[in-house]
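In: got a predicted structure plus its sequence, pasted below:
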Amino acid sequence: MKKGMLLLLSIIMILLLSGCNQTQDTNPNEPAGVSFESLRLLAAEHPELDFGISRHDGQRTIRDFAITEDGNLLLLELSAKVYEYSLKGELLGSYDFGFDEKGLTAYMFTCDNQGNFYFIDGHNCLIIKADRIGILNTASLGEKSIITEPGLIKSISALEENILIVAATSPDDFLTYTYKLDVSGDNAICITEPQVGIELGNGLSYKNELITNEDGGLTSGTAVTIYENGVEKNKFEVHSRNNFIVGLNIYGLTQSGGYFARIFEFLADGNTAQETFVILDDRGKVISICDGFLKNDDLIRGYNDNTFVLRFEADGITVFPLLELFTTNEDESWFK
C-alpha cells in the first residue's frame, strides 16, 4: 500500500510539472504558420549552450524555448542568455540581458510577432519585456494583475505586443484560470475577467476534475468541462474499464472538433503508473489510442498555430511538432 501511495504521489508531481511545461493556446492539427518543422542541436556542435543541470535548482539549464514568427528557434538559459537559431541550426545571435547584475531572474519566456521577449521573474514577481538589444520594461505582478505568485504560473503566450495570455493556478481554490494581462506599464494589469480552465485557442478553454468516491479516493473516471469565452459549452466524462484515472491533459483541437489528450492512470494492481496519448471526439469518446509518450523534462510550447516539444537527448536537444506523438495504432481502447 505504501508503494502504491508513493507511485500516486509521483504521478501527481508529473502532472504538475506537465502543466508547468505546457502552453495550451494552439491547435496541433492545423498547418504551421511558418516553415519550422523540427530541429536537432548537438552538444558537440554547439559549445555555446549549456546542456547540463543548473546548480540553482537541479533542473535543466536550458529552461524554455520559443519560436519566432519567421521560424527561428529561441532558447533561454536560466536567468542568463537567449540564443537564436535558424531553421538549419545556425546560431544567429545571443542576447545577454544582464539579469544577474540587475538583480533579476528569468525561468520562463515567450515572444510576440514584433520581436519582443517576455520573461517571468519569479524572485521579484515581475514580467520583464525586452528586445534583442536589451530590457525595455518591467511590470509588477500584484493585486492589479490578480496573479500574485509567479510560481503558480503554468504558461505564458503573447497575443500581441504587451498583451499576454497567462495560465495560472489560483491559491484560493487551486483551480487553473486563464488571464489576459497588459504589461505595458509598471503593473501587469488583468484586462478581462479570468476564465476558468486552460486555454485551447479560438476562445476555448478546459477544466479537468477527477471523479472521486465517497471517501475522496480515486475512481475510474474524470470529468472534463469545455468553455467558450468563459461560458460552459460542453461537459463529458472519460472512464477507464479497469484502471484508476489520476489526470487528463488536453493539448489541442483536431480538425473535426475533437481533442488531442493524454490520460494518466494508476493500474488496478496498485503498483503501476501508465500514461496514454489519445484522440477524443467532441463528446469525450476515445476514438484512437496513440503510440507517443512524453518524458518528464519535455517542454511543450505553442507557437504560430502549432504545438512543439523540446526534448533533451543524451547528445543534445530536439524540437519537433507534438503531432508526431499522436501516431495511432490498432490497439482496442480500454476507455469508455
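Out: Right, received. Where do you want to start?
In: below-threshold pLDDT in the stretch 1-150 of the chain: ranges please.
Out: Residues of the stretch 1-150 of the chain meeting the criterion pLDDT under 70: 1-34.
In: residue ranges for the helices of it, please.
Out: 2-20 (DSSP state H, counting those that start in this stretch).
In: the strands in the stretch 151-300 of the chain, which residues?
Out: 153-160, 163-169, 176-182, 189-190, 195-196, 198-201, 204-212, 218-228, 231-239, 244-253, 259-266, 273-280, 286-290, 299-303 (DSSP state E, counting those that start in this stretch).
In: could those go into TSV alongside mean pLDDT and distance to A43?
Out: Any C-beta I mention is one placed from the backbone N, CA and C, and that applies to glycine too. Below are those laid out as TSV (pLDDT from 0 to 100; distance: least, CB to CB, whole Å):
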stretch	mean pLDDT	distance to A43
strand 153-160	93	27
strand 163-169	93	32
strand 176-182	92	35
strand 189-190	94	41
strand 195-196	85	41
strand 198-201	84	33
strand 204-212	92	37
strand 218-228	94	39
strand 231-239	93	40
strand 244-253	92	28
strand 259-266	94	29
strand 273-280	93	28
strand 286-290	93	30
strand 299-303	92	17
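In: okay if I get these as CSV plus mean neighbour count and distance to L136?
Out: Formatted as CSV, those follow (neighbours: other CB atoms under 10 Å; distance: least, CB to CB, whole Å):
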stretch, mean neighbour count, distance to L136
strand 153-160, 20, 14
strand 163-169, 22, 14
strand 176-182, 22, 15
strand 189-190, 18, 17
strand 195-196, 20, 28
strand 198-201, 24, 25
strand 204-212, 18, 30
strand 218-228, 18, 33
strand 231-239, 14, 36
strand 244-253, 22, 31
strand 259-266, 22, 36
strand 273-280, 19, 39
strand 286-290, 18, 42
strand 299-303, 24, 21
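In: can I get these in CSV with distance to K336?
Out: Below are these laid out as CSV (distance: least, CB to CB, whole Å):
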stretch, distance to K336
strand 153-160, 29
strand 163-169, 29
strand 176-182, 26
strand 189-190, 40
strand 195-196, 26
strand 198-201, 23
strand 204-212, 13
strand 218-228, 9
strand 231-239, 5
strand 244-253, 11
strand 259-266, 12
strand 273-280, 12
strand 286-290, 8
strand 299-303, 27
